[in-house]
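1. Take a look and give me a structure for this.
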Amino acid sequence: MPRRVFYGWYVLAASVVIELFGLGFGIFTITTVYPYIVDAFPDWSRSLVFLPTTVIILIVGLMSPLIGYLIDRLSIRLLFVVGIIVQGAALYWFSRVHTPAQYVAASALLGFGMSGVTILPNQVLVSRWFQARLGLVNGIVLGATALGAAIAPALITRIIEASDWRTAFVIVAALASAPPMLVVLTVVRDRPEDMGLQPYGAADPVAHALVRADGCTLRDALRVPTFWVFAAVIFLGGMPCYSHNKHILVFLKELGFDPISAADHKSFYFFVSACGRLVFGWLADRTDKRNLLAVQVLLIAAAFPLFFLVPAHREVLMPALFLLGAGYGGLLPSVPILAVHYFGRAHLGTILGAYKIAYDLAAAGAPAFTAALYDHYGSYTVAQIWLTAFAWVALLLVVLGLPHRLTAAARAPAGARVDPARPAVRTELG
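-> Numbering: from 1, shown residues only. Predicted coordinates for the structure are as follows:
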C-alpha cells in the first residue's frame, strides 16, 4: 500500500500560493508603479509618491500584535478570508485614485487587508504543521513571497507599457484575490490535530506534547536582553533592504535605464532573494543559527556600499544586487527560526507579532527615510551613507550581542525554578 503524503505538505503548498499571489502581487505592485505615479502626478513630492509603502507596512506592523493574539485564539482561515477580500478591494481602489487623500486611503485599506494574509499568519501556520525541517518550510514560504516579488515588476511593467497603470491595478486585484481564496477555502486547515494528525517530525504523542508545551511567554521574553538585541538587528539590517526594494526602479530610471530593463533588474534581485530564502532555510536546519544570521547581515553590509559605484560603473550593479538579494533573502526566514530557537513554540504567534513590529517599522520607515533625504538633498547619496552604516551596526550587534543559544534559566518563566542538571526540552526535532 503506497504511503500517504503528509497533509502538511499540502498546507505548505497553499501557503506558497497565498504568499506568492497575495503578498508578492500586493505591495510589490505598488512599488513597481511608483515611476508611473511620478509621471502621472508631477506636482506630487517624492515623499508623497512613496508614502503608500510607509502607510501599508506601518499599519501591518501596528496590527501585528493584535494579529498574533488572534492567531493564537481564532481560525487562521478566517483571518485569511477577511484579509484577501479587503486587500483585493484596496488594490482595485488604487486604479481609481486621483487625489493624495484617495491615494493614502487606499494604502491604509491595503495595510489592513495585508495584515490578514502577510507573513505572520503563514509562519505560524506552517510552524504548527512542522516540527522537523522548520527552517526549510519557512524558507519555502518566504521564498514564495520573493518569487512573487520577482515576477511582479517584470509582468506589471509590461502590462503598463501595453496599456496603463490603472488597468494594471485591476488585473493585480484579481491575481491577488482569486488563487489565494481558492486554496484557503479548499486546502488550508489550522492545525494537524483538527485532522487527527501530529506535526511533521513529532516522534510520538509524548514528544509532541513536550514540544508544544515548551517556550516562554512574550512577557518573559521581553526581560531577556537577547530579545531586544535581535529586534534591533532585524530593524537595522532591514532598513537598507527595504529602502532598496522600494526605490530601485526610480534610482535606475534616474540613471537612464528604460522601464523594462529596470524592472528586470528588480526581478533579478527578488529571484536571488527567493533562492536565498530556500538555501538559508535549508542551512538553518543544519548549522549554527546565530552564525548563519551573521553571514546574512554581512552580505547586506558588504553589498550596499557597492551602489555608490553604480552611476560610474554599471557593471557593479548585478554583483551588488546578487549580494543584497542573498542577504535579504536569508534575513526574513531567520526571524521565526531564531524566535523558536531562543524562546520556543508555546507562544510563537504573540512573540512573532512583537518581532514583526521591528521589521515592519524598518519596511515602513526605510522608504520614507530615503525619500525625505532625497527631497532634502536632491540625490540618494546621503541616504545610502546612512543605510550602509545601519547594516554595519547590525552586524556588530549580531557578533557581539547575540548568544548562540539561551540558557535554560534565561528561557524559564519568571519565578520558575530551573534544575541546571536537567537539559531544556528540545524545540526542534529531526
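2. so after the helix or strand bottoming out on mean pLDDT in the chain, what's the next helix or strand?
-> Counting by mean pLDDT, DSSP states H and E, the chain has its least confident helix or strand at helix 205-213, which shows a mean of 44. Per DSSP states H and E, helix 205-213 leads on to helix 218-222 as the next helix or strand towards the C-terminus.
3. Please export the C-alpha coordinates of that next one as PDB.
-> Output in PDB follows, covering the C-alpha atoms of helix 218-222 (Å, rounded to 0.1, in the frame of the first residue of the first chain):
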ATOM      1  CA  LEU A 218       6.100  37.300  25.500                       C
ATOM      2  CA  ARG A 219       6.300  38.900  28.900                       C
ATOM      3  CA  ASP A 220       9.200  36.500  29.900                       C
ATOM      4  CA  ALA A 221      10.900  37.000  26.500                       C
ATOM      5  CA  LEU A 222      10.900  40.800  27.000                       C
END
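4. Now that Phe21 has come up, it's in contact with Gly148, right?
-> Yes: the pair formed by Phe21 and Gly148 meets the contact definition of C-beta atoms under 8 Å, at 6.5 Å. (Each C-beta comes from the backbone N, C-alpha and C, glycine too.)
5. Doesn't Leu109 lie inside a helix?
-> Yes: Leu109 forms part of a helix when assessed by DSSP: H, G, I helix; E, B strand; the rest coil.
6. and it, how many neighbours?
-> 20 (other C-beta atoms under 10 Å).
7. Equivalent analysis for the one 4 residues further on, please.
-> Residues near Gly113, counting by other C-beta under 10 Å, number 27.
8. Using PDB, write out every CA atom in the helix or strand encompassing it.
-> Element membership of Gly113 [criterion: DSSP H and E] is helix 100-115. The C-alpha coordinates for helix 100-115 follow below in PDB (Å, rounded to 0.1, in the frame of the first residue of the first chain):
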ATOM      1  CA  PRO A 100      -3.500  62.400  -2.400                       C
ATOM      2  CA  ALA A 101      -6.300  61.700   0.000                       C
ATOM      3  CA  GLN A 102      -7.600  58.800  -2.100                       C
ATOM      4  CA  TYR A 103      -4.000  57.600  -2.600                       C
ATOM      5  CA  VAL A 104      -3.400  57.400   1.200                       C
ATOM      6  CA  ALA A 105      -6.800  56.000   2.000                       C
ATOM      7  CA  ALA A 106      -6.300  53.100  -0.500                       C
ATOM      8  CA  SER A 107      -2.900  52.500   1.100                       C
ATOM      9  CA  ALA A 108      -4.400  52.300   4.600                       C
ATOM     10  CA  LEU A 109      -7.100  49.800   3.400                       C
ATOM     11  CA  LEU A 110      -4.400  47.700   1.800                       C
ATOM     12  CA  GLY A 111      -2.400  47.700   5.000                       C
ATOM     13  CA  PHE A 112      -5.400  46.300   6.900                       C
ATOM     14  CA  GLY A 113      -6.000  43.700   4.300                       C
ATOM     15  CA  MET A 114      -2.400  42.600   4.200                       C
ATOM     16  CA  SER A 115      -2.400  42.100   8.000                       C
END
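9. That helix: what's the following helix or strand?
-> Using DSSP H and E, the first helix or strand after helix 100-115 is helix 119-129.
10. Ile59: what's it in contact with?
-> Ala108, Gly111, Phe112, Met114, Ser115 (C-beta atoms under 8 Å, 6 or more residues apart in numbering).
11. can you do 10 Å?
-> By C-beta atoms under 10 Å, 6 or more residues apart in numbering, the residues touching Ile59 are Ser107, Ala108, Leu109, Leu110, Gly111, Phe112, Gly113, Met114, Ser115, Asp360, Ala364.
12. which one of those sits closest to Pro333?
-> Within the contacts of Ile59, the smallest distance to Pro333 is 16.2 Å, found for Asp360 (C-beta to C-beta).
13. pretty sure the closest one is touching Ser64, no?
-> Yes: Asp360 is within contact range of Ser64, at 6.4 Å (criterion: C-beta atoms under 10 Å).
14. Name the residues contacting each of those two.
-> Ser115, Thr118, Ile119, Leu120.
15. Among Asp360 and Ser64, which residue is more densely surrounded?
-> Using other C-beta under 10 Å, the more surrounded residue of Asp360 and Ser64 is Asp360, with 28 against 25.
16. mind listing what's buried in whichever strand or helix holds the more buried one?
-> Assigned by DSSP H and E, Asp360 belongs to helix 348-377. Using 16 or more other C-beta atoms under 10 Å as the test for burial, helix 348-377 gives 348-371, 373-374.
17. pLDDT weak spots in the stretch 201-350 of the chain?
-> Scanning the stretch 201-350 of the chain for pLDDT under 70 picks out 202-215, 345, 349.
18. Which stretches in it count as helices?
-> 205-213, 218-222, 225-254, 259-284, 289-303, 317-343, 348-377 (DSSP state H, counting those that start in this stretch).
19. and these, which is most packed in?
-> Across these, averaging neighbours per residue (mean count of other C-beta atoms under 10 Å) puts helix 317-343 on top, at a mean of 24.
20. and the angle from it to helix 289-303?
-> Helix 317-343 and helix 289-303 are oriented at 150 degrees to each other (axes from the mean of the first three to the mean of the last three C-alpha atoms, to 10 degrees).
21. How far does helix 317-343 sit from its chain's centre?
-> 10 Å (C-alpha atoms, centre = their mean, to the nearest Å).
22. same check, this time on stretch 242-261
-> 21 Å.
23. Now do the end-to-end distance for stretch 185-201.
-> 26 Å (C-alpha to C-alpha, to the nearest Å).
24. residues touching Gln296, list them.
-> By C-beta under 10 Å, 6+ apart, the neighbours of Gln296 are 233, 237, 276, 280, 326-334, 394-395, 398.
25. For it, give its distance to Arg277.
-> 10 Å (C-beta to C-beta, to the nearest Å).
26. Need the overlap of contacts for those two.
-> Joint contacts of Gln296 and Arg277 (C-beta under 10 Å, 6+ apart) are Ala326, Tyr328, Gly329, Gly330, Leu331, Leu332, Pro333, Ser334.
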